[in-house]
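Asks: One predicted model, sequence on top.
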Amino acid sequence: MAELLRRRFELSLAIQPHAESPIQDGDQIEAFLERTDPNLVSLCLDTGHLAYRGINPVELLRRHHSRIRYLHLKDVNPETRKEVVEAEAMHYPRAVHARLFCPPGKGEVDFEALRRILEEVQFKGWAVVDQDLYSVPFDTPLPIAKSTREYLSRIEFG
């Protein structure tokens, strides 16, 4: 599939480990990377989904930076994550509704350490600030976007 995408459409294949998907935990990510061709398949590092599943995104970036082409930047509220993990049966949409994710800099992801590693490895890929929100009022996203931009500027990220 990856070869076909590259040859026929000049596209590259990347997978994003995501909560409640077949590739969401550390062992699954490692197995995926071991079993795929690094010349054909890369990884989208989603800081929020990794942190939610108990994976340190900074360490994953450090170990596998050569396989990472895309970043989704989001943060995880540690108190909500603890509640979600303890509830065990809480499905992802309900966790998001409970505000599992929070603006970067207000949760447990170390964005300054992430930035330092990206600089060290001279990362040339894409990054998207991503905030999973379900059923929120129309005026909720704009203040989050503004505070995220201010925070990332203050720590000289991007």
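Replies: Structure's in. What do you need?

Asks: Where does pLDDT dip in the protein?
Replies: 1, 89 (pLDDT under 70).

Asks: need the strands for it, in chain order.
Replies: Assignment of strands within the chain using DSSP state E yields the ranges 13-15, 41-46, 68-73, 75-76, 101-102, 126-129.

Asks: helices or strands next to the third one in the packing?
Replies: Judged by 3 or more C-beta pairs under 8 Å, 6 or more residues apart in numbering; DSSP states H and E, the packing partners of strand 68-73 are strand 41-46, helix 47-52, strand 126-129. (C-beta placed from N, C-alpha, C; glycine too.)

Asks: out of those, nearest to His18?
Replies: Smallest distance to His18 across the helices and strands packed on strand 68-73 (C-beta to C-beta): 5.2 Å, for helix 47-52.

Asks: most centrally placed residue in this protein?
Replies: Asp46 (1.0 Å; C-alpha atoms, centre = their mean).

Asks: gap between the residue nearest to that residue when sequence neighbours are not counted and Gly125?
Replies: In space, Asp46 comes closest to His72 once its chain neighbours are excluded; the distance is 3.9 Å by C-beta to C-beta, 6 or more residues apart in numbering. Here the criterion is C-beta to C-beta, to the nearest Å. By it, His72 lies 11 Å from Gly125.

Asks: Report how many residues lie close to the nearest residue to His97 once chain neighbours are set aside.
Replies: Excluding the flanking residues, the one nearest His97 by C-beta to C-beta, 6+ apart is Tyr134, at 5.1 Å. The tally of other residues near Tyr134 (other C-beta atoms under 10 Å) stands at 12.

Asks: hang on, the earlier thing: nearest to Thr140, out of the strands of the chain?
Replies: Each of the strands of the chain was scored for nearness to Thr140 using C-beta to C-beta, and the closest is strand 101-102 (12.3 Å).

Asks: Return the list of strands paired to the closest one, each annotated with direction.
Replies: Strand 101-102 sits in its sheet next to strand 75-76 (antiparallel), going by DSSP bridges.
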